[in-house]
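Q: Give me the fold of what follows.
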Amino acid sequence: MTDSKTEALSSTLASTIDPILQRPLAELGYITSARTKRLGAAVIDVLLPVPGPPGHALIETVTAAARSVPGVRSVQIRHELMTDEQREDLMNRVRGEKRPVGGPGSSTYVIAVSSGKGGVGKSSVTTNLAVSLAGLGHRVGVIDADVWGYSIPKMLGAEGAPAVIADSIIPLRAHGVSVISIDYFVPDGQAVVWRGPMLHKALEQFLTDVFWDEPEFLLIDMPPGTGDIAISISQFVPRARVLLVTTPQPTASRVASRAARMADRVDQKVIGVVENMSWFVGDDGKHYEIFGSGGGADLAEATGVDLLAQIPILEAMRSGADRGDPVMVAAPGSEAVHAFEDLAARLVETRPRIRMHPELRIG
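A: Sure, this is the predicted structure:
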C-alpha cells in the first residue's frame, strides 16, 4: 500500500515543470521511482536527458519540488543518463515529426523585427518586447538572426550552450523567453564570414531543428538591410509579419522604408512601426528630443500602418542590457516599461486568424 506522503510526493513531481523541455514531468518519464521512507526521507530515481548544466537544473527542480511536500525532511536524488534510444523515444513523444515553426499547420505568430540600418536599437526592442509578451502570459521564442551583430543572448541574460536531445536543439530560456542565436555556435569573439547558402542553412536549422514547442509568438531579430536573411525568411515563413524599427531621425526612417518595400515585394505584411530613442527625460523633468522628431510617424504614414510605440532613451535600459537584465528588471515602472507593455498589448491585437488547414474547403 502506498502511504499518503509518497502519494503527495508523486503528485507534486508529476505536475512539476521540467526546466529543459518546459513540460510537466509526468509527460516525460524522467521519474522512474519516488517514495518516502521513515523520518520523512524522500528517495527519487531520475533519468536525465542530458548532462551538464541542464541536467543539474533538472535535479535542482526535482529536489525543490520534493522539499515542498509536507512531511518531507530530506531528499535523495539518484540519477543516471538516458540512453540514445530513450532520448529518441522522448523527442518522438513530445515533438513528433519535425516541421518549421511558423510554417504550414503552425499557429505561431512570427514577427520579423526589421530596420533598414544598424544602430537603431532593433535588438533592444526585440528583447524587451519578447519579455513584455511573456509577462502577459504568452509563450514566446526569439531567433537572433542578426548573424553579424548577434547580441540577444547577452541582452536577455541567456548565455551558455543549448542542450541537444536526440537531433533536436533545445533553446535557452531567460525571463520566460526561449532563445536561439548563432552566438551559441561560434567561438567567442569570432566573426561570422558566411555566404548566402550557409546563412540560409543556419536559418533553416533555427526554424526546424530547434524544439520551439509551438510558441504563440516568435520574434526574429533581423540583420539590418534587405539581404539574404530577409529573402530566406520570406521563403521559410511566408506568413511572417514585419515590425519596423526606426529612430526619430528622418534619415533613419527613410532607410527603414526600404525594409518596408522589401516586405511588400515578398508579400509580407508590415504591421506597424516602433520609434526607438524618441527622447530622454532630463533631471528637470523635460523631454529632450536629441535625435529630432517625427521619423517614426513619417515612416508609419508612408507605409500605411500605425506608429505602435515610442520608446524613450533610458540609461538603465542600456546598463541593464549589458548585465542581461531587460528594462522590466533594470527599471521597473519606468516610462520605457510602460511603452513596451503597451506595444506588446497592441501586437497581440494584430494576430491574424489563421486557418490551420487552408486546403480544406466547405461546400
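
Q: Identify the residues contacting Glu159.
A: The contact partners of Glu159, by C-beta atoms under 8 Å, 6 or more residues apart in numbering, come to 153, 172, 324. Just so you know, the C-beta spots here come from the backbone N, C-alpha and C atoms, and that holds for glycine as well.

Q: Could you single out the nearest of the residues you listed to Ser132?
A: Set against Ser132, the nearest of the contacts of Glu159 by C-beta to C-beta is Gly324 (16.5 Å).

Q: so that closest one sits right up against Met155, yeah?
A: Yes. Using C-beta atoms under 8 Å, Gly324 is in contact with Met155, at 6.8 Å.

Q: Which one of those two is surrounded by more residues?
A: Counted by other C-beta atoms under 10 Å, Gly324 and Met155 do not tie: Met155 has more neighbours, with 27 against 18.

Q: Residues touching whichever strand or helix holds that one, excluding its own?
A: According to DSSP states H and E, Met155 maps onto helix 152-156. Where contact means C-beta under 8 Å, 6+ apart, the residues beyond helix 152-156 that reach it are 123-124, 126-127, 130-131, 142, 144, 146, 158-159, 172, 174-175, 177, 179, 181, 183-184, 221, 321-322, 324, 326.

Q: could you redo the last one with a cut-off of 10 Å?
A: The contact list for helix 152-156, computed with C-beta atoms under 10 Å, 6 or more residues apart in numbering, reads 123-124, 126-128, 130-131, 142-146, 158-160, 172-175, 177-184, 219, 221, 317, 320-326.

Q: Can you flag the buried ones in the residues you listed?
A: Among those, those classed as buried by 16 or more other C-beta atoms under 10 Å are 123-124, 126-128, 130-131, 142-146, 158, 172-175, 177-184, 219, 221, 317, 320-321, 324-326.

Q: Just the ones in helices from those, please.
A: Counting by DSSP state H, the part of the buried ones among the contacts of helix 152-156 found in helices is 123-124, 126-128, 130-131, 317, 320-321.

Q: Under the pLDDT cut-off, which ranges of the stretch 201-350 of the chain? List them.
A: Applying pLDDT under 70 to the stretch 201-350 of the chain flags the ranges 225-227.

Q: quick one: the strands in it?
A: For the stretch 201-350 of the chain, the strands defined by DSSP state E, counting those that start in this stretch cover 217-221, 241-246, 270-276, 280-281, 287-288, 307-311.

Q: before we move on, the earlier item: list the residues that contact both of Gly324 and Met155?
A: By C-beta under 10 Å, 6+ apart, the residues touching both Gly324 and Met155 are 127, 174.

Q: distance of Ala316 from Ala174?
A: According to C-beta to C-beta, to the nearest Å, Ala316 stands 18 Å off from Ala174.

Q: residue ranges with poor pLDDT in the stretch 1-150 of the chain?
A: Applying pLDDT under 70 to the stretch 1-150 of the chain picks out residues 1-2.

Q: how about the helices in it?
A: For the stretch 1-150 of the chain, the helices defined by DSSP state H, counting those that start in this stretch cover 4-15, 25-28, 52-67, 84-94, 122-135.

Q: To Ser106, which of those lies closest?
A: Among these, helix 84-94 sits nearest to Ser106 (C-beta to C-beta), with 16.1 Å.

Q: And that closest one, what does it pack against?
A: helix 25-28, strand 41-48, strand 163-165, strand 168-170 (3 or more C-beta pairs under 10 Å, 6 or more residues apart in numbering; DSSP states H and E).

Q: Which other helices and strands does the third one contact?
A: When you say that, I think you mean strand 163-165. Under the contact rule (3+ C-beta pairs under 10 Å, 6+ apart), strand 163-165 is packed against helix 52-67, helix 84-94, strand 168-170.

Q: what does it rub up against?
A: Against strand 163-165 from outside (C-beta under 10 Å, 6+ apart): 20-21, 49-55, 57, 82, 86-88, 90-91, 94-95, 169-172, 209, 211.

Q: Please name the strands paired to it in the sheet, noting orientation.
A: If you go by DSSP bridges, strand 163-165 pairs up with strand 168-170 (antiparallel).

Q: roughly how far is the partner strand from the heart of the chain?
A: 14 Å (C-alpha atoms, centre = their mean, to the nearest Å).

Q: Could you give the average pLDDT over that strand?
A: Mean per-residue pLDDT for strand 168-170: 95.

Q: And the contacts of it?
A: Counting by C-beta under 10 Å, 6+ apart, 20-22, 49-50, 54, 87-88, 90-91, 94-95, 98, 162-164, 178, 180, 184-185, 205-206, 208-213 sit against strand 168-170.

Q: now Gly304: how far from Glu80?
A: 59 Å.

Q: Nearest the geometric middle of this structure, what residue?
A: With distances taken as C-alpha atoms, centre = their mean, Gly141 lies nearest the centre of the chain, 2.5 Å away.
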